[in-house]
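K.L.:
only geometry, no sequence info:
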């Protein structure tokens, strides 16, 4: 940034003055005073951000009057995995879940990297209660994903509250899977519904990641399938019958 603002001798003199703690004097003497003020402001902001603690940056990003303060506790492992902006998002999601009854869960799915032919997605779950890995694994599998990594965290954003954040790394079974925001929303909603017991988790949920169907539509499809099965219908009835040729001797 500095190099773009000052070239040649101006840049060299700027750097020299900076390390002599004469930044303000050097910038005021610059031929471009307005640009110099902008650079000085940007540098001051960057230096302040670098010297500010992770927790303080979280507090600065939160709206005034927030309960998150000195009493908030974020483990170092959590701070290494998430930026302050991510922590603010997790706290807001916990605030929204506090207004619901029973266990509350929120999942967010975003793309990360491409590993060979398989894309890796990042699914971050925020919950008011701990998640059970033995329940999580089949839900992701039925949705068409392999769970390749899990990182659990417990945070205490203040006011006596406690929240649980889980970072899952998942990879689709099919190489034809195409990520988009609509697919991410449908996958997240299906995971939440299945874990909270609002719907059964089975192989039909694989249609959510391969088609545009939602878990509610899968619920209706499953009901139709159960009704047809009880009525004795079988997919074999849809197979065309082969006609036998009759040979006539002349």
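P.N.:
Looks like it arrived, so ask away. Computed from a prediction, not measured in an experiment: that's the story for all the values here.
K.L.:
domain-wise, how is the protein divided?
P.N.:
2-51, 91-230 (automatic domain parsing).
K.L.:
can you map out the strands along this structure?
P.N.:
105-115, 118-127, 145-158, 161-172 (DSSP state E).
K.L.:
tilt between the shortest one and strand 145-158?
P.N.:
With axes from the mean of the first three to the mean of the last three Cα atoms, to 10 degrees applied, the angle from strand 118-127 to strand 145-158 works out at 30 degrees.
K.L.:
which other helices and strands contact strand 118-127?
P.N.:
For strand 118-127, the packing partners by 3 or more Cβ pairs under 8 Å, 6 or more residues apart in numbering; DSSP states H and E come out as helix 84-97, strand 105-115, strand 161-172, helix 181-195. To be clear about C-beta, it is placed using only N, CA and C from the backbone, and glycine gets the same treatment.
K.L.:
make it 10 Å
P.N.:
Helices and strands touching strand 118-127, by 3 or more Cβ pairs under 10 Å, 6 or more residues apart in numbering; DSSP states H and E, are helix 84-97, strand 105-115, helix 133-142, strand 145-158, strand 161-172, helix 181-195.
K.L.:
check which helices and strands the fifth one sits against.
P.N.:
Using 3+ Cβ pairs under 10 Å, 6+ apart as the contact definition, the elements that strand 161-172 packs against are helix 76-81, helix 84-97, strand 105-115, strand 118-127, helix 133-142, strand 145-158, helix 181-195.
K.L.:
what pLDDT, on average, does the first one get?
P.N.:
It refers to helix 76-81. Average pLDDT, helix 76-81: 94.
K.L.:
again with the second one
P.N.:
Taken as a whole, helix 84-97 carries a mean pLDDT of 90.
K.L.:
and that helix, which residues are buried?
P.N.:
84, 86, 87, 88, 89, 90, 91, 92, 93, 94, 97 (16 or more other Cβ atoms under 10 Å).
K.L.:
same thing with the fifth one?
P.N.:
By neighbour count with 16+ other Cβ under 10 Å, helix 133-142 contains the buried residues 136, 139, 140, 141, 142.
K.L.:
and the gap between the spatially closest residue to the third one that is not a sequence neighbour and residue 56?
P.N.:
Nearest residue to residue 140 in three dimensions, chain neighbours excluded: residue 147, at 5.0 Å (Cβ to Cβ, 6 or more residues apart in numbering). Separation of residue 147 from residue 56 (Cβ to Cβ, to the nearest Å): 34 Å.
K.L.:
then residue 164?
P.N.:
If you go by Cβ to Cβ, the gap between residue 164 and residue 56 works out to 24 Å.
K.L.:
ok, residue 130 next?
P.N.:
28 Å.
K.L.:
rewinding a little: ok, residue 147 and residue 56, which is more surrounded?
P.N.:
In this view residue 147 and residue 56 are compared by other Cβ atoms under 10 Å, and residue 147 has more residues nearby, 17 against 13.
K.L.:
which strand residues sit across from that one in the sheet?
P.N.:
Residue 147 forms beta bridges with residue 170, as assigned by DSSP bridges.
K.L.:
got the contact list for it?
P.N.:
Shown in contact with residue 147 (Cβ atoms under 10 Å, 6 or more residues apart in numbering): 123, 133, 136, 137, 138, 139, 140, 141, 168, 169, 170, 171.
K.L.:
my guess is the third one contacts residue 142. True?
P.N.:
No. Residue 136 sits out of contact with residue 142 when judged by Cβ atoms under 10 Å, with a separation of 11.2 Å.
K.L.:
count the residues that sit near the closest residue in space to residue 97 that isn't next to it in sequence.
P.N.:
Leaving aside its chain neighbours, residue 97 sits nearest to residue 104 (3.4 Å; criterion: Cβ to Cβ, 6+ apart). Using other Cβ under 10 Å as the criterion, residue 104 is surrounded by 19 other residues.
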